[in-house]
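**Student:** The amino acid sequence is not available; the structure is as follows:
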């Protein structure tokens, strides 16, 4: 039996099912990261001293990563827009760029982590570093997850465009919604850890 | 069918121009928030300014890249519920803070 409402709109919700699904998932993700942000507040308020992020972390590298991730959000939405304009070649280009920018983010982040470890700064070193590694690590895992899905849609998954272009376009929109969410999380992580 | 496809493509072209403007705004806000962090404001002022800028940036991404500005009601219903729970969760540290244990000595 065919899966219902993959490209057609469900009469009850006014959405194709995958879009309703991804928004419910993102709502649960808000609570996941929200719980960690609450923990951060609790730890910071309860601490006798709390370092300014820039004293321990590398602000220029994190600013570069912010630019990289925001740019990747633009290329992601452009890949969807390209499909809406029936330009598959452009889609491949923009999605390829999104994947490369995601990988760039991870490379920069791994340099940051590496520099911390070299200086003997580990999650066990301080409360600040514990919550920093937990939250940026979880965010990094989300970036890895997004890259895997995007790579599938750029590579083998692209065959769907030939048989069901609408459903494929919807998949890109859903993958995009997730990717933009990951971008928003970083938009909050960046000032909270590096600038305050 | 052909006409709706063309109309949709035209609409998407308009969207693309908006995406570029949003991108420029996000870059400008990133530069602003980093610059302000070097001004060494008081912690309270710095937290307020940084969170306001981050909220504007997040709203821009959600509104335009995630198309929330023109989404269906049901998504807003899901998000409204999420916001309520999220705010509730943000107040948990405050509850913990005010709920200090006090002892009364009874001989």
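**Tutor:** Happy to help now that I have it. What you are looking at is a predicted structure, and each value in this text was computed from that prediction instead of being measured.
**Student:** just the helices in the chain please.
**Tutor:** Just going to use chain A. Taking DSSP state H as the test, the helices found in chain A are A:17-46, A:53-56, A:59-84, A:88-118, A:127-154, A:160-163, A:165-190.
**Student:** Switch to chain B, please.
**Tutor:** Assigned by DSSP H, chain B shows helices spanning B:2-37, B:43-60, B:73-90, B:92-98.
**Student:** sorry, back to before: and the helices of chain A: which comes nearest residue B:8?
**Tutor:** helix A:59-84 (6.4 Å; Cβ to Cβ). All C-beta atoms are positioned from the backbone trio N, CA, C, and that covers glycine.
**Student:** Check which helices and strands the closest one sits against.
**Tutor:** helix A:88-118, helix A:165-190, helix B:2-37 (3 or more Cβ pairs under 8 Å, 6 or more residues apart in numbering or on different chains; DSSP states H and E).
**Student:** most packed of those?
**Tutor:** helix A:165-190 (a mean of 22; mean count of other Cβ atoms under 10 Å in any protein chain shown).
**Student:** Just want the angle from that helix to helix B:43-60.
**Tutor:** Put simply, helix A:165-190 runs at 170 degrees to helix B:43-60, going by axes from the mean of the first three to the mean of the last three Cα atoms, to 10 degrees.
**Student:** and helix A:165-190 with helix A:127-154, angle?
**Tutor:** Using the same axes, to 10 degrees: helix A:165-190 against helix A:127-154 is 160 degrees.
**Student:** so helix A:165-190 versus helix B:2-37, what angle?
**Tutor:** Going by the same axes, to 10 degrees, helix A:165-190 makes 10 degrees with helix B:2-37.
**Student:** Can you tell me which helices and strands helix A:165-190 packs against?
**Tutor:** helix A:17-46, helix A:59-84, helix A:88-118, helix A:127-154, helix A:160-163, helix B:43-60.
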